[in-house]
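Peer 1: sequence plus the predicted model coming up.
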Amino acid sequence: LVRTSPAALSQGRYRLSATTVSGYALFGGGYDGASSSVVDAYDASLVRTTPTPLSQGRYELAATTVGDHALFGGGYGGSHDIVDVYDVSLVRTSSTPLSQGRYGLSATTVGNYALFGGGRAGINADNTVDVYTTD
């Protein structure tokens, strides 16, 4: 593997989340002294664009992709139960909220299902798994 250096993120931040949709790599949310709503997208040529931001700034959110949709769910800052969805044109919509707001959760995809699991709800660890499908 050879390392290359694409354009930097539009703002420095940490505790962000990343996923892919179609020909784009998406980096969303994060923390830079405040909760960020910025989403940076890189295409296959490593050109960076900045699509519509998340509906609310948040960090420690989770991201995954199912079908032609990238999902950013949960997070700390603002409402913890939001799921923002980006399609292959990088247009943002909102989906059904998580069953319980939480942050520090994880996300993955299996078949036609996007799963958001665990995290913290307030001060307690949470064992909830929320599932989204393209069907």
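Peer 2: That came in fine, so what should we check first? All values reported here derive from a predicted model rather than from experimental measurement.
Peer 1: pull the residues that contact the lowest-mean-pLDDT helix or strand in the chain.
Peer 2: The helix or strand of the chain with the poorest confidence is strand 92-94; it has a mean of 89 (mean pLDDT, DSSP states H and E). Contacts of strand 92-94 with the rest of the structure, by Cβ atoms under 8 Å, 6 or more residues apart in numbering, involve 39, 51-55, 82-87. Where you see a C-beta, it was placed from the backbone N, CA and C, and this is true even at glycine.
Peer 1: filter those down to the buried ones.
Peer 2: Buried members of these, scored by 16 or more other Cβ atoms under 10 Å, are 39, 51, 54-55, 82-86.
Peer 1: who are the contact partners of the spatially closest residue to residue 60 that is not a sequence neighbour?
Peer 2: Computed as Cβ to Cβ, 6 or more residues apart in numbering, the closest residue to residue 60 that is not its neighbour in sequence is residue 103, at 4.3 Å. By Cβ under 8 Å, 6+ apart, the contact list for residue 103 reads 58-61, 74-76, 80, 119-120.
Peer 1: now residue 81
Peer 2: With Cβ under 8 Å, 6+ apart, residue 81 has these contacts: 74, 97-102.
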